[in-house]
Each structure stands twice: as C-alpha cells, then as structure tokens.
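1. output the structure for:
(one chain, ligands or ions: 1)
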Amino acid sequence: MFKNLNIIEPILKALAGEGYVKPTTIQERAIPAILEGRDVEGCAQTGTGKTAAFAVPILQLLYSGRKSGQAPRRTAGRVSALVLAPTRELAIQIGDSFTAYGKHTGLKNTVIFGGVSQKSQTDALRSGIDILVATPGRLLDLMQQKLVSLQDVKYFVLDEADRMLDMGLGRDVNRIISKLPHERQTMLFSATKSQEISKLMDSLLVNPVKVAVTPVSSTIEVISQEVYMVDKKNKKPLLVDLLKGNSADSVLVFSRTKHGANKITGDLIKSGIQAQAIHGNKSQNARQLALSNFKEKKIRVLVATDIAARGIDVEELPLVINFDLPDVPETYVHRIGRTGRAGAEGAAISFCDEEEKDMLKDIQKVISKKIPVVEDHPYAGLRASAAAVNPSSDKGRSPRQKPYADNGRKNNQRSRTNTKRPASAQR
Ligand code: AMP
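-> Just a heads-up that it's a prediction; the model follows:
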C-alpha cells in the first residue's frame, strides 16, 4: 500500500483518485530512497510506473519543504525541480502525471518543448513554477535567453537517458547539467545500460540506490509474440487482413521510417481502416491530435516511428504490430512493451521479410527466446513465387487460407502449425 511508503495525505488522496491501489515494484523501491534524500539509478522502461516513482517523492519533498519554510519561495523564471525527457510526448505525459499526483499540493509544474511557440511556456515560467519538465533543446534555448534559471534546482531527473543519447541529445544534456547546482538530488532512469550510460551514471550520481525492474533483455512474459515471414510487398495486404480479422480495438503499428508510416496509414485508410500516423515530420498539433484520437478510440490504428512512439502511454493497448523490424534489437522490447501493461495480456505481431532475417536473429538473442513463427497464413506460401503475385490484389489466396486468429486479449489460442511454444517461452 502507498500508505506504508510514508506518503503524505494530499498525495495519497490523488493516487487513490487515479485508481492506484498498490505501488509497483519500482515505486516500492524508489519512493522511500528518494524521500530519504538518496540519488537513484533506475533501470526501467515505460510501463513500470517509473514516472510516479520519481514524481510522487519529488512532490512530497517540495511540499514538505514549502510547509516547513525551508524551501525558497516560488520565483519567476526559477524552478526547484527539473525533469529532462527526450521527446515532447513523454514530457507532456510526465507533466500530466505531476499535475495528477500533485493536484492537492498546490505545487505548480509546466512543460516546455520545441516545435511550438515559446510564448505560453515563458508566460508560465514567469508566473512562477515549482517543477519544470523539459526537452533539452527548448530548455537550452530559454536558458540562453535568460528566461529560465536552474540555480535553485534541488531535484533533477534525467528520464530515458538511453533514448536521449540515441537521439544525439547527449551534448545538450551535458550543457544543461553543467548549469545545475552541485548540491542536488539526482535520479536517472534508463531502459538499457550501455557503457556510455554507465559513464553518465558514474558522473552524475552520488552513492545511488540502484533499482532495476524488468531489464530490457527479458521481454515481458504476459505478451504473446509471433512473427510472420512475409515478402516485403505482401506486408501491406497481410496487415490489412490481420486487422480485419482481429477484434483489437486499438492497434499500434510500427514503421521504421516516417515515409513508411505515411504510406502504411494511407493504405489502411484506402482499405477502410481508420488510421493516423505519428512521427517527427508531423507538426506538434498533428501529433497531439493523432494521439488523443487514438486514446479516445476515434481511430483504431496509430502508425508510429520509434522516436515518436516513445512515451506513448495508452492504457489497455491489446496489440502491437511491427510492420518493419527495428534495426536496434532493444527497440523491439520497447515497442512490444507498449502492450501488456500492468499485468494485462497483450499481443505483439512482427513481420519479417528476407532482408530482416538477421534483425530477427538479433532480437531473439536479446530476448533470449525464439519468437513462434506463424506459418499458416495466406502469404506464407507465396514467398517463393513472390514475383507472380500482385501485391495489391487478393488473387492467389484460397478461402481456406484465412485462419487469422484473433490476437486480442480474449483469445490466446492461435492457429499455427507450431502451436507448441518454445520451452523458453513457457513459465
Ligand atoms: P509509467 O511507467 O510511469 O509510464 O507508467 C505506466 C502506466 O502505469 C501509467 O498509465 C500509469 O498511470 C500507470 N501506473 C503507475 N503507477 C501505478 C500504480 N501504482 N497502480 C496502477 N497504475 C499505475
């Protein structure tokens, strides 16, 4: 229970309002450590409850500091807590979490990110803010304009540090860190721990409490995974067939490229399936709209690139489809981790063409298991004679070859030739 973690009443009330009953593992371990003033090194990905694991204690520490009169008064352009996130979507979600958990504390947060006018962001900063959630680029920009100062920061969170480095934001992050006071508490979260991340941890954290949850190499067990071996040009009709034969009401489809995401979206719409794309070339407004349409179930399919998908947090997402396999095997784990949240069952389907076979091998190495291959599908037999197949037509498909099993959460009995799951996939 959250009460056992010595969380104060105004926050407990907000958590109850969110419907949280029990803390997640990372919350159980990180919250007391942060409340004690320790630095934290968290190896955890989205879906583990890591946002509340740092947001709740930061809110509590700030609230207590204010009450006791120890914390400085709210001052225009200065902040007491800083959270850095790699993407706008993630930053917005973190801001929403602070708002939700802190709604009875009187503490104020704001979110700043690039790609939109800075006016409302600087207005908010001027009005006095306790907690700032920011993407690195815009924060540096506002720091250079002297619209925000980090000199009062007591709590610093670096979220999704690995993604931050992957996105080439390391230098910006370092420049921001160099402006932080030495006397501070630091919390660093990363889904993976490369050499570079270890170095960053060593340089930033002082005697940290280490909390590792669901390491990236162990794919969440509740997610059923399958792979369809399919020719590149048959991926589109296969996707349409799968979506039509599946009852999942929200499906996240991953494309390796922005162009691919647009193309898949267009093809789905032509086939009568409501879909929208979300990727870095879309305006901030278009991305927000696509995301809210998806969350509100106005569209069934969201087609995303990896970077845009970071931080997409949709409760009860039953199905993820990898239209393309990711180049970086760990990304596979991030992608499929979008489903099967909070213990719910989820399904992940991947398409693998000839050129992607090595990527599949690498992924299986990282997750230490073989992903079952669905052999019984209409495009399986067409691989050898692919040249003869018109990719946009249904010709060549016999009616008996339409066994698309429902990968929605209700049905776990899929029809495939190799129905026996590999030993490593069984508990
Ligand atoms: P995160 O890993 O922070 O992105 O959180 C993943 C999801 O879990 C979010 O939708 C949170 O609202 C939800 N969540 C976080 N903590 C809890 C909890 N203790 N009980 C139930 N849901 C939670």
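2. what's the burial count for the closest residue to A100 other than its chain neighbours?
-> Leaving aside its sequence neighbours, A100 sits nearest to E18 (CB to CB, 6 or more residues apart in numbering; 5.8 Å). (C-beta placed from N, C-alpha, C; glycine too.) Number of residues near E18 (other CB atoms under 10 Å) recorded here: 12.
3. from memory E18 sits against K103, does it?
-> No: counting by CB atoms under 8 Å, E18 does not reach K103; the two are 9.7 Å apart.
4. CA atoms only: put stretch 3-19 into PDB for me.
-> Provided in PDB are the C-alpha atoms of stretch 3-19 (Å, rounded to 0.1, in the frame of the first residue of the first chain):
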ATOM      1  CA  LYS A   3       0.500   4.500   2.900                       C
ATOM      2  CA  ASN A   4       3.300   2.200   4.000                       C
ATOM      3  CA  LEU A   5       5.700   4.300   2.000                       C
ATOM      4  CA  ASN A   6       5.000   7.200   4.300                       C
ATOM      5  CA  ILE A   7       3.300   9.200   1.600                       C
ATOM      6  CA  ILE A   8       1.500  12.300   2.800                       C
ATOM      7  CA  GLU A   9      -2.300  12.600   2.700                       C
ATOM      8  CA  PRO A  10      -2.700  15.100  -0.200                       C
ATOM      9  CA  ILE A  11      -0.700  12.800  -2.500                       C
ATOM     10  CA  LEU A  12      -2.300   9.600  -1.200                       C
ATOM     11  CA  LYS A  13      -5.700  11.200  -2.000                       C
ATOM     12  CA  ALA A  14      -4.600  12.000  -5.500                       C
ATOM     13  CA  LEU A  15      -3.200   8.500  -6.100                       C
ATOM     14  CA  ALA A  16      -6.400   7.000  -4.900                       C
ATOM     15  CA  GLY A  17      -8.200   9.300  -7.300                       C
ATOM     16  CA  GLU A  18      -6.100   7.800 -10.100                       C
ATOM     17  CA  GLY A  19      -7.200   4.400  -9.100                       C
END
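5. export only the CA atoms of stretch 25-34, formatted as PDB.
-> The C-alpha trace of stretch 25-34 is given here as PDB (Å, rounded to 0.1, in the frame of the first residue of the first chain):
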ATOM      1  CA  THR A  25       7.900  -2.600  -7.800                       C
ATOM      2  CA  ILE A  26       9.900   0.400  -8.900                       C
ATOM      3  CA  GLN A  27       7.700   2.700  -6.800                       C
ATOM      4  CA  GLU A  28       8.100   0.500  -3.700                       C
ATOM      5  CA  ARG A  29      11.800   0.700  -4.000                       C
ATOM      6  CA  ALA A  30      12.500   4.200  -5.400                       C
ATOM      7  CA  ILE A  31      10.000   6.300  -3.400                       C
ATOM      8  CA  PRO A  32      11.500   5.600   0.100                       C
ATOM      9  CA  ALA A  33      15.000   6.100  -1.200                       C
ATOM     10  CA  ILE A  34      14.200   9.400  -2.800                       C
END
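6. run through the bridge partners of A212.
-> C43 (DSSP bridges).
7. which ones are touching it?
-> Applying CB atoms under 8 Å, 6 or more residues apart in numbering to A212 gives the contacts G42, C43, A44.
8. among those residues, which are within reach of the ligand?
-> For the ligand, no contacts are drawn from the contacts of A212 by CB under 6 Å from any ligand atom.
9. the stretch 201-350 of the chain: helices as residue ranges?
-> Here the stretch 201-350 of the chain has its helices, by DSSP state H, counting those that start in this stretch, at 235-244, 258-270, 284-295, 306-309, 329-336.
10. helices or strands next to the first one in the packing?
-> When you say that, I think you mean helix 235-244. Packing partners of helix 235-244 (3 or more CB pairs under 8 Å, 6 or more residues apart in numbering; DSSP states H and E): helix 258-270, strand 346-352.
11. now do it: distance to the chain's middle.
-> 25 Å (CA atoms, centre = their mean, to the nearest Å).
12. helix 258-270 and that helix, what's the angle between them?
-> Angle of helix 235-244 versus helix 258-270, following axes from the mean of the first three to the mean of the last three CA atoms, to 10 degrees, is 50 degrees.
13. low-confidence bits of the stretch 201-350 of the chain, can you list those?
-> 214-221, 310-311, 313, 315, 340-344 (pLDDT under 70).
14. E375 in helix, strand or coil?
-> coil (DSSP: H, G, I helix; E, B strand; the rest coil).
15. the one 3 residues further on too?
-> Three-state call for P378 (three-state DSSP): coil.
16. residues in contact with the strand or helix carrying A30?
-> In the assignment (DSSP states H and E), A30 maps to helix 25-35. For helix 25-35, the surrounding residues in contact (CB under 8 Å, 6+ apart) are 5-7, 23, 40, 42, 44, 48-50, 52-54, 56-58, 60-61, 185, 187, 209, 211, 213.
17. only whichever of those are buried, select them in PyMOL.
-> Of the contacts of helix 25-35, the buried ones can be selected in PyMOL as follows, counting by 16 or more other CB atoms under 10 Å:
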select buried, resi 5+7+23+40+42+44+48+49+50+52+53+54+56+57+58+60+61+185+187+209+211+213
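18. give me the pLDDT value at K420.
-> At K420, the pLDDT value in this model is 34.
19. turn the helices and strands packed on helix 235-244 into JSON lines, including mean neighbour count and distance to the ligand.
-> Output for those, formatted as JSON lines (neighbours: other CB atoms under 10 Å; distance: least, CB to the nearest ligand atom, whole Å):
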{"stretch": "helix 258-270", "mean neighbour count": "18", "distance to the ligand": "23"}
{"stretch": "strand 346-352", "mean neighbour count": "26", "distance to the ligand": "13"}
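20. can you check which of those gets nearest to K370?
-> Smallest distance to K370 across the helices and strands packed on helix 235-244 (CB to CB): 12.5 Å, for strand 346-352.
21. packing partners for that closest one?
-> Under the contact definition 3+ CB pairs under 8 Å, 6+ apart, strand 346-352 sits against strand 223-229, helix 235-244, strand 319-322, helix 329-336, helix 357-367.
22. most tightly packed of the ones you listed?
-> strand 319-322 (a mean of 27; mean count of other CB atoms under 10 Å).
23. would you turn the helices and strands packed on helix 235-244 into JSON lines with distance to E316?
-> Converted to JSON lines, these look like this (distance: least, CB to CB, whole Å):
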{"stretch": "helix 258-270", "distance to E316": "21"}
{"stretch": "strand 346-352", "distance to E316": "9"}
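24. could you pull out the strands for this structure?
-> Under the criterion DSSP state E, the chain carries strands at the ranges 40-43, 81-84, 109-112, 131-134, 155-158, 185-190, 209-212, 223-229, 251-254, 275-278, 301-304, 319-322, 346-352.
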